[in-house]
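Chemist: everything below, folded, please.
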Amino acid sequence: MARYQYAKNEHGEIVKAVDLVGQEEKSEYICLGCDNPLIAKVNGKIKKPHFAHKTVLECNGETYLHRLGKRAFFETYQKCLAENEPFYITFHVPKKCQKFKRTIRKHCDLGYTEKCFDLTNYFSQIQVEKRHDQFIPDLLLTRQNNAEDCIYIEIAVTHFLSEKKESSGKRIIEIPLDCEEDVEKIYRADLKPSDALFLGFNQESAPIVDADCKCMHKRYFLFLVWDSGKAWLGLEYLADIKAKLSKYQDKIEYSNIIETDLEFENSNVLMGYAHGDMFISQLKLAVEKKVPVKSCFLCKYSGDNYNYSEGLPIYCKAKKKACNSNQAAECDWYRLA
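Modeler: Have a look, this model is predicted:
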């Protein structure tokens, strides 16, 4: 038979068994799960204080926990409003750097910061299972003069948010409960990111200052195809990339910025990459995109010279000599392989 830590008294208020220790045992308690009478067994010397059903019967623990969560939130929030006490929520707000978004076509993710609000400063009304639009949330918080500005409170035991409700755009606080002890986070009136799921609260990014910006101190590969057909690959800071793209915009036929987590400490490593697999893969990508690029790496007469140090990595089988990749732009022998 189920033993519960909480019950309703004759006034419909939640009572905790441990708070009744030392008091006269009464039977005017009602089960939150099945609405049947409970007996407070709080003065025993062996068993932990608890409520037990007056008669043997089946009681749904899931229903009990869900009703307990709803009632606990309702009473706690009402108490905060009546006694002018705060009910805090704290949720994560993403930090996104937009400084070079137009250059790299995305923002830089800088993690998140936390925002804290006192719900009672904004929402002075709370209702249980009140219909709003096409939904019936477990609890509904609304402003006194603007019922459309609201927050849904959902207590999740085994049934979590429906896809329709989750994608509705409503502000929702979903509080998961796995056991009776989890209700304590509601009584604290201070919900943290680990206590609940907050939906619809964090659409906007937190403000970013230059000191927060990581992308401006990071180098990216920049691949360019000039209007001459020649190609170039370099490792540059985003500020330099932005300046270069602006300065030579009339001469650049195609550009691509490639992010890398690799660290380059000497020019030999950079040179190896600039005339290695990455450069060739970018050349092939440009060809696939119908960019008018010409490179000896792409020519049917291309062979390996292995002489990267002098900038002559290719041996031309047609002209019988070593050359750099951009000589294809001015070569009559050039044929795409």
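Chemist: which residues of the stretch 151-300 of the chain score low on pLDDT?
Modeler: Counting by pLDDT under 70, the stretch 151-300 of the chain contains low-confidence ranges at 202-216, 261-275.
Chemist: please enumerate the strands of it.
Modeler: Assigned by DSSP state E, counting those that start in this stretch, the strands in the stretch 151-300 of the chain fall at 172-176, 190-191, 197-199, 219-226, 231-237, 252-258.
Chemist: turn these into a markdown table, including distance to Ile126 and mean neighbour count.
Modeler: Where C-beta positions appear, they are placed from N, C-alpha and C, glycine not excepted. Listed next are the strands of the stretch 151-300 of the chain as a markdown table, based on distance: least, C-beta to C-beta, whole Å; neighbours: other C-beta atoms under 10 Å:
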| stretch | distance to Ile126 | mean neighbour count |
| --- | --- | --- |
| strand 172-176 | 12 | 21 |
| strand 190-191 | 15 | 18 |
| strand 197-199 | 18 | 19 |
| strand 219-226 | 51 | 21 |
| strand 231-237 | 53 | 18 |
| strand 252-258 | 51 | 16 |
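Chemist: which one of these lies nearest to Gly303?
Modeler: Gly303 lies closest to strand 231-237 among the strands of the stretch 151-300 of the chain, at 18.8 Å (C-beta to C-beta).
Chemist: okay, now the sheet partners of that closest one, with direction.
Modeler: strand 219-226 (antiparallel) (DSSP bridges).
Chemist: now the angle from the partner strand to strand 252-258?
Modeler: Here the directions of strand 219-226 and strand 252-258 differ by 160 degrees (axes from the mean of the first three to the mean of the last three C-alpha atoms, to 10 degrees).
Chemist: distance between strand 219-226 and the chain's centre?
Modeler: 30 Å (C-alpha atoms, centre = their mean, to the nearest Å).
Chemist: with stretch 192-201 instead?
Modeler: For stretch 192-201, the distance to the chain centre is 11 Å (C-alpha atoms, centre = their mean).
Chemist: in CSV, list the strands of the stretch 151-300 of the chain along with distance to Gln125.
Modeler: Below are those laid out as CSV (distance: least, C-beta to C-beta, whole Å):
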stretch, distance to Gln125
strand 172-176, 16
strand 190-191, 19
strand 197-199, 20
strand 219-226, 52
strand 231-237, 53
strand 252-258, 51
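Chemist: how about those, which one is nearest Leu298?
Modeler: Using C-beta to C-beta, the strands of the stretch 151-300 of the chain put strand 231-237 closest to Leu298, at 9.4 Å.
Chemist: got the contact list for that closest one?
Modeler: 216-226, 244, 264, 270, 273-274, 278-279, 282-283, 286, 293, 295, 325-326 (C-beta atoms under 8 Å, 6 or more residues apart in numbering).
Chemist: how about Glu129: what's its closest non-neighbour residue?
Modeler: The spatially closest residue to Glu129, leaving aside those adjacent along the chain, is Ile136, at 5.5 Å (C-beta to C-beta, 6 or more residues apart in numbering).
Chemist: pretty sure that neighbour contacts Tyr152?
Modeler: No - counting by C-beta atoms under 8 Å, Ile136 stays clear of Tyr152, with 9.5 Å between them.
Chemist: among the two, which residue is more densely surrounded?
Modeler: Tyr152 (22 against 13; other C-beta atoms under 10 Å).
Chemist: how close does that one sit to Leu119?
Modeler: Applying C-beta to C-beta, to the nearest Å, the value for Tyr152 to Leu119 is 13 Å.
Chemist: so the residue sitting nearest the centre point of the chain: helix, strand or coil?
Modeler: For the chain, the residue nearest the mean C-alpha position is Pro94 (7.2 Å; C-alpha atoms, centre = their mean). Under DSSP: H, G, I helix; E, B strand; the rest coil, Pro94 falls in the strand class.
Chemist: ok, what's across the strand from it?
Modeler: Under the criterion used (DSSP bridges), Pro94 bridges to Tyr112.
Chemist: surely it meets Glu114?
Modeler: No - counting by C-beta under 8 Å, Pro94 stays clear of Glu114, with 11.2 Å between them.
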